[in-house]
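1. Coordinates only, no sequence provided:
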């Protein structure tokens with residue numbers, strides 16, 4: 001439930017409705033798993049990011065990663081154990097989880113790797129050529145004529 005009114009945004013803009021949806025989703029419950037599993041988000045370079053999740057006890061075939069409509073979803077689904085062990089203390093959580101992360105426009109998942117109980121998801125922002133900054137050469141009629149004369153000479 002949001003405490004501010006986005007109606008003026010809808011009246012004066014076109015195509016920003018996704019922004020309002022993102023704000024609404026940020027306030028809602030993420031998943032039933034709370035803060036499990038713990039994760040880090042790192043900025044490696046200007047357009048490179050790494051999501052690292054602590055997924056000890058999960059095999060790589062028990063974890064699925066997918067992206068749909070700019071939402072990265074990481075889901076861990078443990079199989080049912082053959083027999084339930086009797087624990088005196090159970091401090092290692094291996095419960096099922098689902099984590100969702102909102103991706104900015106043009107951010108794509110490059111790679112995913114598991115190493116020592118950590119899942120690393122590499123992300124990169126790839127701007128289309130039309131959106132990249134470019135330098136525009138400024139010419140004058142005098143410069144064009146000199147250039148033409150230089151080529152003709």
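-> Received the coordinates, thanks. Quantities reported herein were computed from a predicted structural model and do not represent experimental measurements.
2. what helix or strand is residue 23 on?
-> If you go by DSSP states H and E, residue 23 is part of helix 17-27.
3. helix or strand right after that helix?
-> Heading C-terminal from helix 17-27 (DSSP H and E), you reach strand 39-45.
4. for that next one, the distance to its chain's centre please.
-> Computed by Cα atoms, centre = their mean, to the nearest Å, the chain-centroid distance of strand 39-45 equals 11 Å.
5. same check, this time on stretch 52-64
-> 18 Å.
6. which ones are touching residue 48?
-> 122-125 (Cβ atoms under 8 Å, 6 or more residues apart in numbering). Every C-beta, even on glycine, is put in place using the N, C-alpha and C of the backbone.
7. Could you measure from it over to residue 110?
-> Computed as Cβ to Cβ, to the nearest Å, the residue 48 to residue 110 distance reads 8 Å.
8. overlap in contacts of the two?
-> 122-124.
9. Among the residues you listed, which one sits closest to residue 36?
-> When these are compared for distance to residue 36 (Cβ to Cβ), residue 123 comes out closest, at 21.4 Å.
10. Cool, thanks, talk later.
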